[in-house]
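Colleague: generate coordinates for the sequence data below:
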Amino acid sequence: MLHMRTILCLLIVASWSTTASADLQQSVRPLLQQHCFDCHGPKKQEADLRFDGLTGNLTAHPAEAITWSAILEQLETGAMPP
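Modeller: Take a look at the predicted model:
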């Protein structure tokens with residue numbers, strides 16, 4: 001069962017617009033680059049997950065919700081980052 005925190009995060013991500021996409025590039029992308037891109041970037045995609053192309057704009061790219069959900073789940077369980 002999803003935790004309330006996960007549901008809240010998913011709702012926030014789902015509400016992102018093009019403006020929020022710009023915010024993603026400034027605030028979230030550096031964290032992903034520092035902690036995730038080595039294993040989930042252009043050269044390597046562990047678990048078939050690639051984060052360097054995420055836009056944060058779920059209106060234009062609704063399939064990204066699956067990836068964001070996987071990221072949140074791994075962060076919540078403490079499985080990632082290693």
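Colleague: from now on I want contacts and neighbour counts done on CA atoms only, so please keep to that.
Modeller: Fine.
Colleague: low-confidence regions, this protein specifically.
Modeller: 1-24 (pLDDT under 70).
Colleague: go again using 50 as the cut-off
Modeller: Within the chain, the set of residues satisfying pLDDT under 50 comprises 1-2.
Colleague: grab the most central residue of it for me.
Modeller: residue 68 (3.7 Å; C-alpha atoms, centre = their mean).
Colleague: name the element it belongs to?
Modeller: Here residue 68 sits within helix 64-77, counting by DSSP states H and E.
Colleague: buried residues of that helix, list them for me.
Modeller: Across helix 64-77, burial judged by 16 or more other C-alpha atoms under 10 Å covers 64-65, 68-69, 71-73.
Colleague: between the residues you listed, which sits nearest residue 32?
Modeller: Nearest to residue 32 among the buried residues of helix 64-77 is residue 71, at 10.2 Å by C-alpha to C-alpha.
Colleague: check contacts around the closest one.
Modeller: If a contact means C-alpha atoms under 8 Å, 6 or more residues apart in numbering, then residue 71 has no contacts.
Colleague: mind listing the helices for the protein?
Modeller: For the chain, the helices defined by DSSP state H occupy 4-14, 18-23, 29-35, 37-40, 64-77.
Colleague: kindly export stretch 31-50 (C-alpha atoms) in PDB.
Modeller: Presented in PDB, the C-alpha positions along stretch 31-50 are these (Å, rounded to 0.1, in the frame of the first residue of the first chain):
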ATOM      1  CA  LEU A  31      20.500  16.100  -7.300                       C
ATOM      2  CA  LEU A  32      19.700  13.400  -9.900                       C
ATOM      3  CA  GLN A  33      23.000  14.100 -11.700                       C
ATOM      4  CA  GLN A  34      25.000  13.900  -8.500                       C
ATOM      5  CA  HIS A  35      23.300  10.800  -7.100                       C
ATOM      6  CA  CYS A  36      21.600   8.900  -9.900                       C
ATOM      7  CA  PHE A  37      23.000   9.500 -13.400                       C
ATOM      8  CA  ASP A  38      26.000   7.100 -13.000                       C
ATOM      9  CA  CYS A  39      23.600   4.200 -12.900                       C
ATOM     10  CA  HIS A  40      20.500   5.700 -14.500                       C
ATOM     11  CA  GLY A  41      21.900   8.000 -17.100                       C
ATOM     12  CA  PRO A  42      23.100   8.000 -20.800                       C
ATOM     13  CA  LYS A  43      25.900   5.400 -20.300                       C
ATOM     14  CA  LYS A  44      24.200   3.000 -18.000                       C
ATOM     15  CA  GLN A  45      20.500   2.200 -17.200                       C
ATOM     16  CA  GLU A  46      20.300  -0.100 -14.100                       C
ATOM     17  CA  ALA A  47      16.800  -1.700 -13.800                       C
ATOM     18  CA  ASP A  48      16.000  -0.200 -17.200                       C
ATOM     19  CA  LEU A  49      15.600   3.200 -15.600                       C
ATOM     20  CA  ARG A  50      17.100   6.400 -17.200                       C
END
